[in-house]
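Visitor: next come a sequence and a model predicted from it.
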Amino acid sequence: MDRRDFLRNAALAGSALALTGDPADASPAAEPLSLFDRPMRWAQLTLAENDPGTYDIKFWLDYFQRTHSDAACLSAGGCVAYYPTKVPLHYRSQWMGAGDPFGDLVAGCRKLNMFVMARTDPHAAHQDVYDAHPDWIAVEANGQKRRHWAMPELWVTCALGPYNFEFMTEVTREIVSKYQVDAIFSNRWAGSGMCYCEDCRQNFKAASGFDLPRTLNPQDPARRAFILWKQQRLFELWRVWDGAIRQANPNARFVANAGGGALSELDMKTVGELAPTLFADRQARSGLTAPWANGKNGKEYRSTMGRKAIGGIFSVGVEEAYRWKDSAQNGPEIRLWALDGIANGLRPWFTKFCGVTHDKRWIPVVEELYAWHYRNERYLRNEAPLARVAMVYSQQTAHFYGGERARQKVEDHTLGYYQALIEARIPFEMVNDRLLDAEHVGQFKVLIFPNIAALSDEQCRQVREFVARGGGVVATHETSLYDEWGVRRTDFGLADLFGASYDGAMDERMMNSYLRLEVDAAGKRHPILAGLEDAERIINGVNRVHTKTTKEYRNPPLTLIPSYPDLPMEEVFERVPKTDIPEVFAREIGKGRVVYFPWDIDRIFWEVLAVDHAKLLRNAVDWAANEPRPVQVDGPGILDVTLWKQKDSMTLHLVNLTNPMMMKGPLREFIPLPAQQVSLALPEGRRARQVKLLVSGKSPRVQESGGRIHLTIPSILDHEVVGVDL
Ligand SMILES: [Zn+2]
């Protein structure tokens, strides 16, 4: 079904209900905002070298206006300069002649009162740079200078030496001085692989005493030192560029293209301290990717950025390994990716490569989305998420425990739990493991540790305090079995919370193992087994930590049925039908609750997606929370549910992920969901003044009782947003 058809049908079906749409309500908030918090919709035009003189600047400025874009990111310099630069060796576009294409765009955007950020890209250089400064070029492990992988007549630059620290600082200074832009956004500024140049060799030796590592093993002392040194060096560069920018324009700042979750390179706590605003550069799906992956960026960035503005860069083209840069995605695919980011607090940023548009089909898609966003801006500014659950991510676990296998050993656990929370429709945030103090986790009732293997003593102490304050913890597999450097402890750092100790062994790749569902002394099952009433046993995971109980633990809800032969078929029968080995520890500690699964429930869920595991993952969170959810949404389908506090209102987002193309785009069409029942807790002592559906435009019938509002949403095509004025 096409979006417009759906809206037409929905409007007909809902014609008996009052339509809302007081235009005064739709005007953007009038309060003063910091310069970097002001932009709500970003437009990026990345010029190709031959765009000047070829592309239609009027079209772009008109499009920026039509889309209500209030910020622009425009190509300025680095690999190619789009302005008459005076910095020696700064390569100018061969098509710009005596013109100033960057300056023309800046002037046009300023007329539209847009925030202007200049884009630089320092990662590649031309032959004249190589000839004049061979020391600026990156070096391979074999000592050869590194040619550009996609365009071999160019050279890849060293990110950690004088090319960035000196040359690009001059370029940055020149752009800001000349055009008084609000910010510099640098793309591919952090290097393209390991560099063995003389500068890197000497600087690393002086800082650490080691030669540059030639292994990726994080337990190698030189490798460990390098992981830290490279970050220090990049943060130093960040400060150098930021200083040069502020000298030229005191209000302007450096905005790095950086950040992410556990697998990202730069420490997110430091990034959160340095960045005035930050953008997730994950432009579209590729391969097997769930559409919630864009929302995940928002949660990860917010975990260290707090209330500072964050945005999500989305491409209008197909983003796969083959890089069809001049393509256009199917409309529903563009919409869903951007909508899930918006629902998770990312301000939308569309990016278009090349000023000449070969495929125009994306143009009305972005225009329609941005127009809706503009009309409803006051429900999208987001003062704070109202989630009560948070999932921890840990870069140190990825760097030092995961190493080369961090994707499987670390990220797959996170992805599995993430999918389970989406299916359970539980609103949640993500938390950086370096920010587990009361100030940063105080709003949450439950913290989830999806195989957060590497935790320091101090971090374990913070988790203990969280539970002592009445918090709930759900942890899986090897959580806390290693210190912050990925070195195995003799026992879990959180053994006292788990009520379980490490028993010295690990099973990997278990075949054909099961879990027995048990009853307590009164013959009842634990709430963690809800929804499995008709099952006596379910499948186990495949990786399992051997544990021994440290506290008396009667009637564990799940016990191990060990592996037995899966071939030949005549031999497939259980040898040990029943053990007393717990495969979940569920404990109450004061007012807090702790659930620990010794096996890889979250990772195997990501691999196999067994519904029984989804239920256990959901129930563990609900039981550990020991309170009603802030929002309950009942009905068929898969929804990403997020809930926000606004100034004098609340916003509930429901993004419809129900689609045959959910795990692998591109979407063909949206599939409308049938009616959904919503029960939403109001802030204490507040009442709902007005409730609106901001997509269908309807005012639903609302019942209020017990501090909650109850309403029915008749149907959801791509998304619905409930705006609650308090
Ligand atoms: Zn180097």
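Guide: Received it, and whenever you're ready, just let me know what you need.
Visitor: who in this protein is up against the ion?
Guide: 158, 161, 195, 197, 200 (CB under 5 Å from the ion). The way it works is simple: take the backbone N, C-alpha and C, and place the C-beta from them, glycine included.
Visitor: contacting residues around the single nearest residue of the stretch 1-150 of the chain relative to the ion?
Guide: In the stretch 1-150 of the chain, the residue that lies nearest the ion is residue 138 (5.7 Å; CB to the ion). Residues in contact with residue 138 (CB atoms under 8 Å, 6 or more residues apart in numbering) are 145-146, 155-159, 191-193, 195, 197.
Visitor: and for residue 460?
Guide: 480, 493-494.
Visitor: where do the strands sit along the stretch 501-650 of the chain?
Guide: 514-517, 537-539, 544-549, 558-561, 585-589, 592-597, 631-634, 639-646, 649-656 (DSSP state E, counting those that start in this stretch).
Visitor: same check on the stretch 201-350 of the chain?
Guide: Going by DSSP E, counting those that start in this stretch, the stretch 201-350 of the chain shows strands at 253-256, 278-280, 310-315, 347-353.
Visitor: now the second one: mean pLDDT?
Guide: Averaged over strand 278-280, pLDDT sits at 98.
Visitor: also stretch 665-677?
Guide: pLDDT averaged over stretch 665-677 gives 97.
Visitor: quick one: buried residues of that stretch?
Guide: 665-667, 669-673, 676 (16 or more other CB atoms under 10 Å).
Visitor: just put these in CSV and tack on distance to residue 537.
Guide: Below are those laid out as CSV (distance: CB to CB, whole Å):
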residue, distance to residue 537
665, 37
666, 40
667, 38
669, 40
670, 39
671, 35
672, 38
673, 34
676, 33
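Visitor: between the residues you listed, which is closest to the ion?
Guide: Closest to the ion, out of all of the buried residues of stretch 665-677 and judged by CB to the ion, is residue 665, at 37.4 Å.
Visitor: so which strand or helix has the closest one?
Guide: According to DSSP states H and E, residue 665 maps onto no helix or strand at all.
Visitor: neighbours of the residue nearest to it when sequence neighbours are not counted, just the number please.
Guide: Excluding its sequence neighbours, the residue lying closest to residue 665 (CB to CB, 6 or more residues apart in numbering) is residue 285, at 4.3 Å. Residue 285 has 24 neighbours, counted by other CB atoms under 10 Å.
Visitor: now swap in the one 5 residues further on and tell me
Guide: Here the neighbour count serves as a burial measure; for residue 290 (other CB under 10 Å) it reads 22.
Visitor: and if you look at residue 240?
Guide: 17.
Visitor: that one touches residue 169, doesn't it?
Guide: Yes. At 5.9 Å, residue 240 and residue 169 qualify as touching, with contact defined as CB atoms under 8 Å.
Visitor: got the contact list for residue 449?
Guide: 392, 463, 473-476, 479-480.
Visitor: may I have the beta-bridge partners of the closest residue to it other than its chain neighbours?
Guide: Computed as CB to CB, 6+ apart, the closest residue to residue 449 that is not its neighbour in sequence is residue 475, at 4.0 Å. With DSSP bridges as the criterion, residue 475 is bridged to residue 449, residue 596.
Visitor: same check, this time on residue 558
Guide: residue 517.
Visitor: what about residue 627, distance to residue 591?
Guide: Per CB to CB, to the nearest Å, residue 627 is found 11 Å from residue 591.
Visitor: now the stretch 201-350 of the chain against the ion: closest residue?
Guide: residue 201 (7.9 Å).
Visitor: leaving out chain neighbours, which residue sits closest to that residue?
Guide: residue 212 (5.8 Å).
Visitor: please work out how many residues are found near that neighbour.
Guide: Counted with other CB under 10 Å, residue 212 comes out at 21.
Visitor: same question for residue 611.
Guide: Residue 611 has 13 nearby residues by other CB under 10 Å.
Visitor: which pLDDT value does the model give it?
Guide: If you check residue 611, the pLDDT there is 98.
Visitor: same thing with the one 5 residues further on?
Guide: If you check residue 616, the pLDDT there is 98.
Visitor: now swap in the one 5 residues further on and tell me
Guide: As summarised for this prediction, residue 621 has a pLDDT of 98.
Visitor: so it makes contact with residue 474?
Guide: Yes. At 5.9 Å, residue 621 counts as touching residue 474 under the criterion of CB under 8 Å.
Visitor: okay, and the common contacts of these two?
Guide: Both residue 621 and residue 474 are in contact with 446, 448, where contact means CB under 8 Å, 6+ apart.
Visitor: ok so, going back, got the contacts of residue 449 as a markdown table, with neighbour count and pLDDT columns?
Guide: Below are those laid out as a markdown table (neighbours: other CB atoms under 10 Å; pLDDT from 0 to 100):
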| residue | neighbour count | pLDDT |
| --- | --- | --- |
| 392 | 26 | 98 |
| 463 | 26 | 98 |
| 473 | 26 | 98 |
| 474 | 28 | 99 |
| 475 | 28 | 99 |
| 476 | 28 | 99 |
| 479 | 32 | 98 |
| 480 | 26 | 98 |
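Visitor: for the residue in the stretch 401-550 of the chain positioned nearest to the ion, what are its contacts?
Guide: Closest residue of the stretch 401-550 of the chain to the ion, CB to the ion: residue 404 (21.8 Å). Going by CB under 8 Å, 6+ apart, residue 404 touches 216-217.
Visitor: got the buried residues for stretch 39-54?
Guide: Buried, per 16+ other CB under 10 Å, within stretch 39-54: 39-49, 51-52.
Visitor: now for these: which two are most distant?
Guide: Using CB to CB, the two most remote members of those are 40 and 49, lying 31.2 Å apart.
Visitor: surely residue 69 meets residue 44?
Guide: No. At 9.5 Å, residue 69 does not count as touching residue 44 under the criterion of CB under 8 Å.
Visitor: thank you kindly, that will do.
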